[in-house]
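1. Next input, structure requested:
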Amino acid sequence: MAAPLLSYENLGLIQGSGWLFRGLDIYIGERERLALIGRNGAGKSTLLRLLAGTIDSDEGTRMIVPGTRVVMLEQEPSFAGCSTLMDYCIAGDGAPAMHEVAAIADQMGIDLGRDAATASGGEKRRAALSKALASEPDILLLDEPTNHLDLAAIDWLESWLQRYSGAFITISHDRTFLTRLTRETLWLDRSTIRRKQIGFGGFEAWMETVYAEEARNAERLDAKLKIEAHWLERGVTARRKRNQGRLEKLYEMRAQRAAMLSPQGTAKIGLVKDDSKTKSVITAEHVTKSYGGRTIIKDFSFRVQRGDRIGLVGANGAGKTTLLKLLTGEIEPDSGSIARAKTLDGIVIDQQRALMQPDKRVRDVLADGGDWIDVRGERKHIRGYLKDFLFDPSLTEAKVGTLSGGEKSRLLLAREFARESNLLVLDEPTNDLDLETLDLLQEVIADYEGTVLLVSHDRDFLDRTVTVTLGLDGSGTVDVVAGGYADWEARKKQAKSNTPKAVTQAKAAATAAQQATAGGGAKKKLSYKDQRDFDLLPSQIEAMDVAIAKAEAELADPHLYTKNFARFEALTAELEKLRADKEAAEDRWLTLAEEVESLGG
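-> As a prediction, this is how the structure comes out:
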């Protein structure tokens with residue numbers, strides 16, 4: 001193996017009254033794609049800062065190959081002292097040139113002339129990414145890079161990282177992002193670090209195997225295994241089985257919902273009976289809404305059934321918030337009608353955390369300073385209820401200001417889910433959540449007896465949670481698809497490939513390829529082999545994507561490692577080869593595309 005570009009030996013760091021971690025050895029080689037996984041509070045972000053050299057360790061030696069450029073994208077970069085987003089991008093030693101930042105920003109669709117003080121979270125995230133990517137790093141350290149990004153921006157970032165020739169380590173709660181991009185996993189667990197040559201797609205099976213082995217060892221030693229997280233105490237395997245049961249129930253609900261939709265995706269609306277008896281809770285008929293001359297929602301008809309989990313997806317500005325407000329009655333349509341059940345009683349959980357005042361105690365937030373909380377009509381002690389939301393019961397006296405972002409979100413969820421309701425509205429609930437809390441939120445939504453309206457850019461979360469997806473593309477049309485994000489994406493691809501324009505373009509491309517390979521004229525052209533590669537590689541890359549997704553899906557089976565270890569190992573090797581082949585194919589096609597462009601093709 002070639003010498004690593006960056007390494008830390010015997011790394012140790014004191015935090016508070018003890019060691020956050022000690023004796024860690026970590027290295028990063030050329031073109032490595034690493035997922036950094038760990039519980040909230042394990043020190044993932046701190047570890048990235050140590051690798052970046054922005055903070056010093058208490059023990060250990062950091063070594064870096066001379067000339068190696070390391071760039072870190074902070075989870076919450078500071079824009080203090082910067083008038084505009086561009087000022088932030090070109091500030092500091094080694095900052096990229098203005099034109100290089102502008103080129104990236106243009107591709108991401110962000111105006112860097114925006115006032116930094118009033119910029120949204122999404123605009124600041126795109127600006128920070130523009131600065132990091134334009135810096136031409138050899139190693140990228142990415143802390144929650146998809147936070148506050150919409151689907152289009154996430155797709156763009158994934159494509160950029162797939163072409164990126166350097167190495168990167170990423171912390172992310174976005175399972176789809178991690179599964180698509182990473183090839184190795186670093187697992188920071190209880191002050192130690194483990195490394196395995198599998199991408200995130202195989203992480204959960206690996207984690208379960210490690211914990212099962214620890215449990216067996218502890219049993220042989222006749223000692224109780226001390227595990228900090230409550231969800232581990234309940235048993236990883238049992239939890240996975242419950243979640244598998246929930247997924248099977250979700251698939252059944254999707255199948256039932258698909259039968260209620262017409263081939264065009266429009267709900268079959270019939271007569272609404274008495275509110276107390278009907279299953280319909282919101283009925284929209286031919287709804288249209290415009291702002292400033294632009295049609296946001298056009299001729300939308302749909303019926304929300306009791307127990308539905310509805311996901312609203314689309315790029316920023318496509319109309320998700322407008323549609324959500326229409327459905328919940330916050331605004332009224334310009335034309336058409338929306339009827340809501342009189343018994344509808346909703347709660348809204350947004351991303352502002354207005355309830356999370358830093359000086360309040362956890363006890364104050366949950367039980368107004370008391371010891372007991374009414375959870376949907378059932379009285380519970382707050383210590384026991386905290387356990388249900390993955391908290392140490394001793395945190396009842398902790399100040400909200402001392403909690404991490406993920407813990408604050410979890411506390412807000414605990415408070416709101418205690419209230420009696422039959423409609424739950426979640427606006428971007430996955431921002432700042434760690435993987436454990438995402439698992440918890442999926443469980444709570446699956447067990448919720450009412451109806452859920454959910455706005456999210458987290459593709460895996462949508463696929464595991466919703467029964468119907470309302471997809472908005474900004475034209476005013478709302479696609480209604482039974483299923484999650486993947487189902488909506490498949491519908492879009494199918495519709496795009498079936499348009500007359502797409503068919504005409506495909507025929508024109510085929511004709512041009514035939515003419516190019518047939519020769520004629522004195523114009524320079526690719527060799528026969530190069531032209532053939534240029535024509536065939538896109539379809540081959542697409543086939544590799546399908547094969548990679550299939551292998552990742554099989555590796556995601558938490559029982560595969562123990563049930564069929566030989567298959568697990570074979571799949572892991574196959575996945576590594578597929579990813580390497582795809583990378584080589586993409587590099588080859590990009591080289592040929594540049595040559596075609598230089599020839600005037």
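2. Now residue 77: phi and psi?
-> The phi and psi values for residue 77, taken as degrees, to the nearest 10, are phi -60, psi 150.
3. who are the neighbours in contact with it?
-> When contacts are counted by Cβ atoms under 8 Å, 6 or more residues apart in numbering, residue 77 touches 88, 124, 128. Backbone N, C-alpha and C define where each C-beta goes, glycine included.
4. Most neighbours among those residues, which one is it?
-> residue 88 (25 neighbours; other Cβ atoms under 10 Å).
5. name the element that residue belongs to?
-> Using DSSP states H and E, residue 88 falls within helix 85-89.
6. so how far is the helix or strand following that helix from its chain's centroid?
-> Following helix 85-89 in sequence order, the next helix or strand is helix 98-108 (DSSP H and E). In terms of Cα atoms, centre = their mean, to the nearest Å, the centre of helix 98-108 is found 24 Å from the chain centre.
7. Which elements pack onto the next helix or strand after helix 98-108?
-> Once the chain leaves helix 98-108, the next helix or strand it forms, by DSSP H and E, is helix 121-134. Using 3 or more Cβ pairs under 8 Å, 6 or more residues apart in numbering; DSSP states H and E, the elements in contact with helix 121-134 are strand 70-73, helix 85-89, helix 98-108, strand 139-143, helix 151-163.
8. buried sites along helix 121-134?
-> Residues 122-134 are the ones in helix 121-134 that count as buried (16 or more other Cβ atoms under 10 Å).
9. which residues does residue 551 contact?
-> If a contact means Cβ under 8 Å, 6+ apart, then residue 551 has 201, 571, 574, 575, 578 as its contacts.
10. ok, residue 150 to residue 177 distance?
-> 13 Å (Cβ to Cβ, to the nearest Å).
11. between those two, who's got more neighbours?
-> Between residue 150 and residue 177, counting by other Cβ under 10 Å, residue 177 is the more crowded of the two (25 against 19).
12. tell me, what residue is most central in the protein?
-> Of all residues in the chain, the one closest to the mean position by Cα atoms, centre = their mean is residue 174, 2.4 Å from it.
13. pull the longest helix from the chain.
-> Counting residues, the longest helix found in the chain (DSSP state H) is helix 565-598.
14. Show me what that helix packs onto, helices and strands only.
-> Against helix 565-598 (3+ Cβ pairs under 8 Å, 6+ apart) you get helix 151-163, helix 528-555, helix 560-563.
15. For the residue nearest to residue 88 when sequence neighbours are not counted, the count of nearby residues, please.
-> Closest residue in space to residue 88, ignoring its immediate chain neighbours: residue 82 at 4.1 Å, by Cβ to Cβ, 6 or more residues apart in numbering. Residue 82 is flanked by 18 other residues according to other Cβ under 10 Å.
16. residues contacting residue 82?
-> Applying Cβ under 8 Å, 6+ apart, the residues contacting residue 82 are 88, 91, 116.
17. Adding distance to residue 380, write those residues out as TSV.
-> Listed next are the contacts of residue 82 as TSV, based on distance: Cβ to Cβ, whole Å:
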residue	distance to residue 380
88	46
91	50
116	45
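18. would you put the C-alpha positions of stretch 133-142 in CSV?
-> Taking Å, rounded to 0.1, in the frame of the first residue of the first chain, the C-alpha atoms of stretch 133-142 are listed here in CSV:
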residue,chain,number,x,y,z
LEU,A,133,-14.5,22.7,-3.6
ALA,A,134,-12.8,25.6,-5.4
SER,A,135,-9.8,25.4,-3.1
GLU,A,136,-8.5,22.3,-5.2
PRO,A,137,-8.0,20.1,-2.1
ASP,A,138,-6.1,16.9,-2.1
ILE,A,139,-8.1,15.8,1.0
LEU,A,140,-11.7,17.0,1.7
LEU,A,141,-13.1,16.8,5.3
LEU,A,142,-16.8,17.1,5.0
